[in-house]
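# have a look at this prediction, sequence included:
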Amino acid sequence: QVQLAESGGGLVQAGGSLRLSCAASVSGFIIDDMGWYRQAPGTQRELVATVTSGGTTNYADSVKGRFTISRENPKNTVYLQMNSLKPEDTAVYYCNAYGRPPWSAHGMDYRGKGTLVTVSI
């Protein structure tokens, strides 16, 4: 099983920075891809960034050059450094992790409860 706990959200002025963290508590599973999604009021959840266990990253076009995703594999922890924040980045940010048993290539996505990021003008 996998449980995720996000931290680091809050209120920041436009142009500021925040760093989100997500620690995965893992019991008997392996964590493959980890990532961040976000959902603003009245919109669908969207991908922000992902990182594989090997360190390959992927970003939404809207955050490229401003956000950086990283992870510490021994700690099963993923981070999202957010710089040059804009009001349109305001959303609940969710951590996501793909976990599977060691003997199988098949697993499932796990999601945290989310952390609110609010960017003021």
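Cool, got the structure. Residues are numbered from 1 along each chain as shown.

# how much space between Val92 and Pro74?
28 Å (CB to CB, to the nearest Å). Just so you know, the C-beta spots here come from the backbone N, C-alpha and C atoms, and that holds for glycine as well.

# just Asp32 next, same as before
Asp32 sits at a distance of 15 Å from Pro74 (criterion: CB to CB).

# give me the secondary structure label for Asp32.
Classification of Asp32 using DSSP: H, G, I helix; E, B strand; the rest coil returns strand.

# quick one: terminal-to-terminal distance for stretch 95-113?
8 Å (CA to CA, to the nearest Å).

# re earlier: who has more neighbours, Val92 and Pro74?
Using other CB atoms under 10 Å, the more surrounded residue of Val92 and Pro74 is Val92, with 18 against 6.

# and Lys75, backbone torsions?
phi -100, psi 0 (degrees, to the nearest 10).

# can you tell me the element the residue most central in space within the chain falls in?
The chain has Trp36 as the residue nearest its centroid, 2.4 Å off, counting by CA atoms, centre = their mean. Assigned by DSSP states H and E, Trp36 falls within strand 30-39.

# also Leu80?
Leu80 belongs to strand 77-82, assigned by DSSP H and E.

# show me which residues of that strand are buried.
Residues of strand 77-82 classed as buried by neighbour count (16 or more other CB atoms under 10 Å): 77-80, 82.

# any chance of those residues in a markdown table, plus pLDDT and distance to Gly107?
Below are the buried residues of strand 77-82 laid out as a markdown table (pLDDT from 0 to 100; distance: CB to CB, whole Å):
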| residue | pLDDT | distance to Gly107 |
| --- | --- | --- |
| Thr77 | 97 | 19 |
| Val78 | 98 | 16 |
| Tyr79 | 98 | 22 |
| Leu80 | 98 | 22 |
| Met82 | 98 | 28 |
